[in-house]
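S.K.: model the structure of this input:
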Amino acid sequence: MTPPVSACLIARDEETLLPRSLDSLGWADEIVVVVDARSRDATARIARDRADRVEVRPYAGDIEQKSHCTSLAAHDWVILMDPDEVMTAGLRREIQRALGSDGCDGYEVNRETFHLGRWVRHGDFYPDWKLRVFRRSRARWTGRNPHGRVVVDGRVRRLPGHLEHHSYRDLADQIERIQFFSSEAALALRSDGRSARVADLTLRPFARFLRAYLLKRGFLDGVPGFVLAAGTAFHVFLKYAKLWELERVAPPADCGGATPPS
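M.R.: Residues are numbered from 1 along each chain as shown. Sure thing, here's the model as predicted:
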């Protein structure tokens, strides 16, 4: 018998993408959504129409928000999703088949991103394995905001199928997110006592581009592959350029608590 499962999401200003994400989770025994109190659109109303439990809460950081959301779940098995992700029917069947049948305490799923008019299947964007199905009783959070992750004390395996990822509206939206996440990363490096060197500003971005475009075969995605490889390189450059700036104009700062662009 398949054990009951709770689907957990956090959301802010996601009225466009949230309905499709929640509808793809309608088979779960429970859906829990935690909405950022600063959300300005119909996210909370949409969540209440489709979810079993909804809480509006001030944003304290990605790890804190997701950890709180999973703590509200009624069941030990949890599926952790983002509002811009859609559970495919094939992945749903694999999860239902796997839960409670093979002694695992967690499962990784492979995200496939749709951006710049196509599914991206190479470069830094694919494969993109994420631990998204796990027992709460065997899981703990690690890392730092805004890129915390779940670690399971137990056996983990990868499932066939894909989790559809509709991360960016367009290239401008991607650049806005690069701005946010590069700032957060620079603050994290600064709080760790790191300093920006000339090599960080020159060699690291170039190496990241080569990794994404050549080593990970981003060129097979055509022009979008080149644009995405350049975007990841730009992200790396901004991260260290902002770290260099922080060293000169600002004291060390905690990177937690900021809200990412929606």
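S.K.: show me the biggest helix of this structure in terms of residues.
M.R.: helix 222-249 (DSSP state H).
S.K.: dump the residue contacts of R140.
M.R.: V150, V151, D153 (CB atoms under 8 Å, 6 or more residues apart in numbering). Yep, even glycine has a C-beta here, placed from its N, CA and C like the rest.
S.K.: in a strand, that's where it is, yeah?
M.R.: Yes. Judged by DSSP: H, G, I helix; E, B strand; the rest coil, R140 forms part of a strand.
S.K.: that older thread, which other helices and strands does the longest helix of the chain contact?
M.R.: With contacts taken as 3 or more CB pairs under 8 Å, 6 or more residues apart in numbering; DSSP states H and E, helix 222-249 sits against strand 118-120, helix 171-191, helix 198-210.
S.K.: would you turn those into TSV with mean neighbour count?
M.R.: Shown next, in TSV, are those (neighbours: other CB atoms under 10 Å):
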stretch	mean neighbour count
strand 118-120	16
helix 171-191	18
helix 198-210	15
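S.K.: lowest average pLDDT across these?
M.R.: Sorting these by mean pLDDT places helix 171-191 lowest, at a mean of 92.
S.K.: what's the pLDDT at the residue nearest to R155 when sequence neighbours are not counted?
M.R.: Among residues not flanking R155 along the chain, C104 sits closest, at 4.8 Å (CB to CB, 6 or more residues apart in numbering). For C104, the pLDDT comes out at 95.
S.K.: before we move on, the earlier item: to A139, which of the helices and strands packed on helix 222-249 lies closest?
M.R.: A139 lies closest to helix 171-191 among the helices and strands packed on helix 222-249, at 22.7 Å (CB to CB).
S.K.: for that closest one, packing partners?
M.R.: Secondary-structure packing of helix 171-191 (3+ CB pairs under 8 Å, 6+ apart): helix 222-249.
S.K.: got the buried residues for the helix it packs on?
M.R.: 224-226, 228-244, 246 (16 or more other CB atoms under 10 Å).
S.K.: quick one: which of the contacts of R140 is the most crowded by neighbours?
M.R.: V150 (22 neighbours; other CB atoms under 10 Å).
S.K.: quick check: it vs H68, distance?
M.R.: 14 Å (CB to CB, to the nearest Å).
S.K.: what touches both of these two?
M.R.: Counting by CB under 8 Å, 6+ apart, nothing touches both V150 and H68.
S.K.: between the longest helix of the chain and helix 171-191, how many degrees?
M.R.: Per axes from the mean of the first three to the mean of the last three CA atoms, to 10 degrees, the angle that helix 222-249 makes with helix 171-191 is 40 degrees.
S.K.: how much does helix 222-249 deviate in direction from helix 198-210?
M.R.: 160 degrees.
S.K.: poorly predicted segments of the stretch 1-150 of the chain, please.
M.R.: Applying pLDDT under 70 to the stretch 1-150 of the chain flags residues 146.
S.K.: related to what we said a few turns ago, got CSV for the contacts of R140, with secondary structure and distance to V33 too?
M.R.: Listed next are the contacts of R140 as CSV, based on DSSP: H, G, I helix; E, B strand; the rest coil; distance: CB to CB, whole Å:
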residue, secondary structure, distance to V33
V150, strand, 18
V151, strand, 24
D153, coil, 27
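S.K.: TSV please, covering those and showing distance to I46.
M.R.: TSV is the format used below for the contacts of R140 (distance: CB to CB, whole Å):
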residue	distance to I46
V150	26
V151	31
D153	35
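S.K.: and the helices in the stretch 51-200 of the chain?
M.R.: 62-71, 89-98, 171-191, 198-210 (DSSP state H, counting those that start in this stretch).
S.K.: what angle do the third one and helix 62-71 make?
M.R.: Put simply, helix 171-191 runs at 100 degrees to helix 62-71, going by the same axes, to 10 degrees.
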